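> below is the sequence, then the predicted model.
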Amino acid sequence: MIDHVTFAVSDITKSRQFYEKAFAPLGYRIAFGDEGRFWAFDIGDGLFEIMQAEEKGPLTRVHVAFRVKSKALVREFYEAALAAGAEDNGAPGPRPQYTPDYYACFVLDPDGYNIEAMIDQPDAGQS
């Protein structure tokens, strides 16, 4: 399942205003964000995020995160992607800067898109 998709935008303020108006009929609202940097819209079972594009930075213009069921699957995805030719963009591990239970890895696909496998729930014996 896709957990979230992130688009880099040229003007974060203008894009926020656009998406707030466009999403209003759908009931999608801002869940959280950081003024001038990014905004995440709650779209039900996932998030649609916009981020301020930078000339250089850790995220590509398109970012897709796949929600998986265990930390082991995060690691397995990472290894399989590297074996298939992906470039490392962040080894599997905790990402407490997102949420306390966030665990993820990041790879760049053959076109340079940032692909993530992640889980965001307390460890219930699955590691």
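Alright, I've got the coordinates.
> where does the prediction get shaky in this protein?
Flagging of the chain using pLDDT under 70 yields the residue ranges 55-60, 123-127.
> strands along that one, start to end?
Using DSSP state E, the strands assigned to the chain run over residues 2-9, 29-34, 38-42, 47-52, 62-67, 87-88, 93-94, 102-108, 114-120.
> contacts made by the second one with the rest, please.
Contacts made with strand 29-34 from outside it, assessed by CB atoms under 8 Å, 6 or more residues apart in numbering, are listed as Arg16, Glu20, Phe23, Trp39, Ala40, Phe41, Asp42, Leu47. C-beta here means a position set from N, CA and C on the backbone, and glycine is covered the same way.
> and the angle from it to strand 47-52?
Strand 29-34 runs at 40 degrees relative to strand 47-52, counting by axes from the mean of the first three to the mean of the last three CA atoms, to 10 degrees.
> now strand 29-34, how far from the chain's geometric center?
14 Å (CA atoms, centre = their mean, to the nearest Å).
> for Tyr103, grab the count of nearby residues.
23 (other CB atoms under 10 Å).
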